[in-house]
Every structure is written in structure tokens, then in C-alpha cells.
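Asks: Dropping a prediction and its sequence here:
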Amino acid sequence: MSVLTLPAQPGSDTGAAPPPLPWRRMVWVTWRQHRALLISLPAVLGAVAVFLLIAGLRVHHDYAAIAACPPSGPSGANAAGATCARLLTDFNNTDWTLGNTAQIFMQLVPVLIGVFAGAPVLARELETGTFRYAWTQGLGRERWTIAKLTLLGATVTVLAGAFGELFAWFFQPFLPVEGLTVLNATVFASRGIAFAAWTLVAFALAAFFGMLLRRIVPAMAVTMGAYLALALAAWRLREFYPVALVTNNANLGTLQTSDTNPWLLGTWYTGPGGKPASQSVLNQIFNLFPMHGAPRTKLSFAQLLAQHHFTEWTRYIPVSRFWPMQFIEGGWLLVLSVVLIAATVWLVRRRAA
Amino acid sequence: MNVIETSGVGKRYGDSWALRDCTLALPAGHLAALVGPNGAGKSTLMSMTAGLTLPTEGTATVLGGRSPGSPAALDGIAFVAQESPVYRNLSAADLLHLTRNLNRRFDGGYARARLAELGIPLKKKSGKLSGGQRAQLALTLALARRPRLLILDEPLASLDPLAKQDFLAAVMTAMTDDGVSVLLSSHVVAELERLADYLIVLSGSRLQLAGEVDDLLACHRVLTAPAAEADRYAKELPVVQVRRAAAYAHLLVRVAGPAGRVPPGWESHPVTMEELVMAYLRAPGDGWPERQAPAALSPVQAAQSAEPTEAKR
């Protein structure tokens, strides 16, 4: 055999592994291979953004007219009141129809961006067999995967973040008129850090399922299901974010409907010694309350409680906690996205055909 | 240096073994033909060498002891998989740029010159090229990386006879100019008869035969004898395969040297590569139970048992 074997090429065979290729090479690769997405996504979002901008200017204009109305509201007889009532009706009919539709659509935007951007990244390579080309080049498949997912993930997150900000501006006038606050589940998720983070997590889910299932369409379907489950879980989870306050101010729940209303999480009562009051004791006090006669307002019920040395406690989240909650939600979604991307890279390492 | 070295390598997909107990050492500087029927494990062995597949059992190294898929191995091995997968929505120019970005070494000038010579347009999307042009494009991308080992999985399957000739000429040129080692799989042996100087036969997920073509041809003979006598001698000789005609039987046997032990009155012929491959492909389960199972012939055994052959290049 020694006769037949070529001598080892000197120099080329010695030494340690070659230095890894610079990451920046992947910028061009990602751009060229995902050019369709990277052009069409900003184009589509931009077109919708222009529409929202034009519609938003009208919404803001209409709202300014309503806001200029006397605070007492329409009183029927005077002409200004009638005009204001008409303005309000028009706003509810025309502007809110658009606003409400846009709000529902906004709930779907992250998962739509996520599946279209994320599912094909690996699944298309596996479907067409091109992974056999891509993963045998000098760069190595781990770096290839990490670079692509990071670049595309960051791009969709930034685009979604900008789009979410524009939508927040568009939607702002509806909050006071329609009695919504920024803590309402659908409003909360369609703006700020949360909206961008939900887009990122949808992208990471789609990329992960694309690698796991090796087919684009099933990966899209499974991602939508997983995203829905996650969104529902987050909806239940938000009240447990450590931002809630507790007060014995009974006025809290009786504020007029407005965009500064806190999110009320629960009410309970304590007796004279500060001990929690049992339901039977509360029922006894409640029975003392005159059913007929004086109007049954919460304030007077609170006075009644006070007479018996009982206190009403309320757990609530004020609107001012919006940003801390956004950071909490953005934080755990970011961690989840990083975990999903790491799991995808692990699958790429392990599950090569 | 061995460009590929495997030791008891096997790969299982679910319940079935795609490759089993494969021990092989392919020295550098050869054009090695990997032949076998479809499903014999050729693609699995190639995929493992290229670092795409991890073996279920055994170990494999490439380029003199490197782990397949390691940076150094990826750097030195270019793999063109079956049906030459390239991004069909990208043009040849884009694919050149892409491959340049993904590799440490890339000879863009060579690639452009070669594509121009082949008349492959740079601007056209690769999905719109003919199968032969796409195969040439994939080969160009692989060669421009200046690899030390080129792995080509069924590269000739989609090519017409003329394109096949061009393709193989390009491979041969790269071997002589650059000293690239080549592993090329095919299920058509005749195509490689005059080109390959190393032969690896896989069948039924197992390695049947491996060695330098000259050695293998030298240590196999076809003996022709009357049918009745053939049965008697078959038990004593290392018979690989028996083919029966009306009155005569042809025995493909392994012989110790050029003279061999030929019973009186028998005719002895040298064997062709195609005969040899066919014999080893048919070997498993061909109803000759007494025959010794055809052990893979390592180059060492081949060199010892055959007449001395000089190195090819």
C-alpha cells in the first residue's frame, strides 16, 4: 500500500483547524437567499402603514372634534350637544368599524410574519435537497443556521416593532371613546415591545417546526396552533406579572369608563381584626343594606362596611404599569425565542439526513 | 494519506440498516468508483463522508484522520449530491458569489472561465438550465473550491452521452491538474470502466469488494470447465460466482497469482471490471451455500496476492 499512496501534501495537512469564516459573509448570503421576503415584507407592511397613516390622520381629526365637546356631554336641547352626539355616533359607526377591524387583524400580524419568514428558512432546504449543498460548504452548518436565524429574526422584529408603534398611534383615539385601556389583552399585545416580541417568537417557532417537520406547510400549520396556545397562555398569565397593587380605596372600581381605568384583578374583605371576612358574615351585612329606597351605590355600601369596621380591598394594575408589563412580556418571549433558535440549531446538528 | 477511512461503520434508519459493518481505506490520488444497485448504501456512505450523516456505529475519518463535518474536513471536501442540488431561483453568477462567501477558498476566475467554456449563461436562473448544464454548474462550484477530495453522488444519471463525456473529462482534468481525489458513485459500471482506478462495490448495505482496479483484475480469473467438473472443483476453489451455460460453467474465482491453480483441461480468462462488479453484486444469496462469503479485499491483501503493480500517478 505504501507504494500506492501519495505522500501527504506538506503544509496543507499540518496544523490545527482553519480559522472560522467571518460572520459578515452570511449577511450577503442571507440577503440574497431571502431577498423575496426581505423586499416583500417591508413593502407590504409599508403599504399597510401608509393606509394606517392616512386613516389615522382622519381618526385623530374626528377624535379632536369629540374631545373639544363640553365635558358634560350631549344634553339634548342645545345645538352643540346635538352636534357632539352626532360626532360620537359617526365616530362609533365609521372610525371604530375600521379601528376594530384593524385591531383584530393586528392580532394575526405577528404569526403571519412569523410563519412566512420562519417556516421556509430550513424546511425549504430540506424539501428541495439544497441542504446537501449548503451544509457541506466551508462555513459549516451551525454558523450558517445561527447567522440566518439571527439576521432574519432581528429584521422581522425591528420591522414589527416599527409597525406596532405606528398602529399604537393610529389606535390611540379609540381608547377613551371605546372605553379601552392599554392593558386590555388585545391592545396590550398589539403595541410596543410585546408586539415585536410576539413576532420574533412566531418566527422562532416557525423555524423550529420547519426543521422538526422538514416541510413548509405542516410547519406553518403547527406554528399557528402553537402560537395560538401560547397567546392564550399569555393572556391568562399577564395578571400574575409582579406589578399588581393592592388598595383599600373603594373608589377605584367606580371610576367612569376611560382609558386610565386600572385593571381590576380581585376584591376581598377583611373584618374588624384585619382577618379575612367569611362569605356568611358579608351576606349578613349585605342583607342590612336597603334594597328599596336609597339608590344602591357602591360608595354607600362601602360606608355600610365601614360602619361595621369592615374593609374592602382591591388588587389592581394601574395603567402606569404598562411599560413594566411590556418589558416583562418582551423579556420572557425573547428568552423563549432564543431557546427555540438554540433548539433549531441543535436539530440542525443532530438530525442531518 | 487515506482520504477516506472507515472502521465498522453502519447507519440505521428506523428498523433497517442502510449500511452495515463497512471497513474501508481509500488512499489519496484515485478516481474511486463506488458502484452498487440503488439502495445499496452508496449515498449513505457518501453523505457520511461529507459530514451530513452521523454513523450509527463505527467510526469514519477523512483527509487523513479528520472528523467528517469538522471545519478542516468541510474545507477540503466538495460534495455534489444526487441530482446536483443548487438553488433554482438563483443565477449561476449568484451561485458563484454564494459559494465564494461560504468558503475560505474559491477560484472565481476558474469558475467563470469554465462556465463560459461550457456556454452556461451567468444570468440565467439555474432552475431554467438543462439537467446537464446544472450538473456542470454544480461541478464547477465544487471544483472552484479547490477541494482535496471531490465526492460526486450519481453525477452521470441525468446526463446524455455527450454531457457524460464532458463531465468526466472535467473531473479527470481536475485530478491531473490539481491532484484532487475523487469518489464517484454510479449504478452503471460500464461508464467508469476505463476511468476508475479504484473500485468499491456495495450491495445489500454491505461492502462486497474494495481495491485498486488493476489488483482486483489481476487476482480474479474466469475459469471455463465442463458443467459436471465445475461442481466438483467449486468446493475447493475460492469461487465468487458460477454462471452456467448448456454444457460448460464459467467460474469467477479469486486466484493467488497470475498462474493460479487451474485444473487441467480448463480454460482460464482474465476478468473485466464489469464482470467482476456483476459477480460481486450477485454474490449475496445466489444459491451457492458452500462458497465462502466474499470478503472485502483490502488493498494490502490485493497487493500481496497479485503481481506487483506500479503506482498510477
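Replies: Perfect, thanks for sending it.

Asks: What is the neighbour count of B:P270?
Replies: Per other Cβ atoms under 10 Å in any protein chain shown, the neighbour tally for B:P270 reads 11. C-betas here are computed from N, CA, C, even on glycine.

Asks: Name the helix or strand for the nearest residue to A:W169 once chain neighbours are set aside, please.
Replies: Leaving aside its sequence neighbours, A:W169 sits nearest to A:G56 (Cβ to Cβ, 6 or more residues apart in numbering or on different chains; 6.2 Å). In this assignment (DSSP states H and E), A:G56 forms part of helix A:35-67.

Asks: before we move on, what about A:A194?
Replies: helix A:192-213.

Asks: In that helix, which residues are buried?
Replies: Buried positions in helix A:192-213, judged by neighbour count with 16 or more other Cβ atoms under 10 Å in any protein chain shown: A:192-213.

Asks: Without its sequence neighbours, what residue ends up closest to whatever residue of the stretch 151-300 of chain A ends up closest to chain B?
Replies: Nearest to chain B in the stretch 151-300 of chain A, going by Cβ to the nearest Cβ, is A:L151, at a distance of 13.4 Å. Spatial nearest neighbour of A:L151, excluding adjacent residues (Cβ to Cβ, 6+ apart): A:T30 at 4.6 Å.

Asks: So A:R124 sits against A:R214, correct?
Replies: No: in this structure, A:R124 is not within contact of A:R214 by Cβ atoms under 8 Å, at 10.0 Å.

Asks: ok, back up a step: count residues in the vicinity of the residue of the stretch 151-300 of chain A closest to chain B, would you?
Replies: With other Cβ under 10 Å as criterion, A:L151 counts 18.

Asks: same deal with A:V27?
Replies: If you count neighbours by other Cβ under 10 Å, A:V27 ends up with 13.

Asks: ok, now the one 10 residues further on?
Replies: For A:L37, the neighbour count with other Cβ under 10 Å is 18.

Asks: Report how many residues lie close to the residue nearest to it when sequence neighbours are not counted.
Replies: Spatial nearest neighbour of A:L37, excluding adjacent residues (Cβ to Cβ, 6+ apart): A:A117 at 5.6 Å. A:A117 has 23 neighbouring residues, counting by other Cβ under 10 Å.

Asks: Over to A:P176?
Replies: For A:P176, the count of nearby residues is 16 (other Cβ under 10 Å).

Asks: Same check on B:T272?
Replies: With other Cβ under 10 Å as criterion, B:T272 counts 15.

Asks: for it, phi and psi?
Replies: When read as degrees, to the nearest 10, the backbone of B:T272 gives phi -90, psi 160.

Asks: swap in A:G274?
Replies: Dihedral pair for A:G274: phi 80, psi 0, per degrees, to the nearest 10.

Asks: try the one 10 residues further on
Replies: Taking degrees, to the nearest 10, you get phi -60, psi -50 for the backbone angles of A:Q284.

Asks: can you check A:P173 too?
Replies: Per-residue torsions, A:P173: phi -60, psi -20 (degrees, to the nearest 10).

Asks: OK, contacts around it?
Replies: Contacts for A:P173 (Cβ atoms under 8 Å, 6 or more residues apart in numbering or on different chains) come out as A:V59, A:H60, A:D62, A:Y63, A:D95.

Asks: I'd say B:P147 and B:I77 touch.
Replies: Yes: using Cβ under 8 Å, B:P147 makes contact with B:I77 at a distance of 5.6 Å.

Asks: the more surrounded of those two?
Replies: The neighbour count for B:P147 versus B:I77, taken as other Cβ under 10 Å, is higher for B:I77 (28 against 24).

Asks: give me the number of residues near the nearest residue to that one once chain neighbours are set aside?
Replies: Spatial nearest neighbour of B:I77, excluding adjacent residues (Cβ to Cβ, 6+ apart): B:L149 at 4.8 Å. The number of residues packed near B:L149 is 22, by other Cβ under 10 Å.

Asks: which residue ranges form the helices in chain A?
Replies: Along chain A, the segments classed as helices by DSSP state H run A:25-33, A:35-67, A:79-90, A:96-128, A:131-134, A:141-171, A:174-178, A:185-189, A:192-213, A:216-237, A:279-288, A:298-307, A:322-350.

Asks: name the helices or strands packed onto the shortest one?
Replies: Using 3 or more Cβ pairs under 8 Å, 6 or more residues apart in numbering or on different chains; DSSP states H and E as the contact test, the elements touching helix A:131-134 are helix A:96-128, helix A:141-171.

Asks: likewise the fourth one?
Replies: Using 3+ Cβ pairs under 8 Å, 6+ apart as the contact criterion, the secondary-structure elements in contact with helix A:96-128 are helix A:35-67, helix A:131-134, helix A:141-171, helix A:174-178, helix A:185-189, helix A:192-213, helix A:216-237.

Asks: Could you list the domains of the chain?
Replies: I went with chain A, as the question did not name one. Per the record, chain A has its domains at A:35-69+A:81-238+A:321-350, A:245-319, by automatic domain parsing.

Asks: try chain B instead
Replies: B:2-204, B:217-305.

Asks: Return the member of the ones you listed having the minimum mean pLDDT.
Replies: Among the domains of chain B, domain B:217-305 carries the lowest mean pLDDT, a mean of 68.

Asks: want to try JSON lines for the helices of chain A, with distance to B:S67 and mean pLDDT as columns?
Replies: Formatted as JSON lines, the helices of chain A follow (distance: least, Cβ to Cβ, whole Å; pLDDT from 0 to 100):
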{"stretch": "helix A:25-33", "distance to B:S67": "23", "mean pLDDT": "94"}
{"stretch": "helix A:35-67", "distance to B:S67": "35", "mean pLDDT": "95"}
{"stretch": "helix A:79-90", "distance to B:S67": "72", "mean pLDDT": "83"}
{"stretch": "helix A:96-128", "distance to B:S67": "23", "mean pLDDT": "95"}
{"stretch": "helix A:131-134", "distance to B:S67": "19", "mean pLDDT": "94"}
{"stretch": "helix A:141-171", "distance to B:S67": "14", "mean pLDDT": "96"}
{"stretch": "helix A:174-178", "distance to B:S67": "60", "mean pLDDT": "89"}
{"stretch": "helix A:185-189", "distance to B:S67": "47", "mean pLDDT": "92"}
{"stretch": "helix A:192-213", "distance to B:S67": "23", "mean pLDDT": "97"}
{"stretch": "helix A:216-237", "distance to B:S67": "31", "mean pLDDT": "96"}
{"stretch": "helix A:279-288", "distance to B:S67": "70", "mean pLDDT": "75"}
{"stretch": "helix A:298-307", "distance to B:S67": "74", "mean pLDDT": "68"}
{"stretch": "helix A:322-350", "distance to B:S67": "13", "mean pLDDT": "96"}
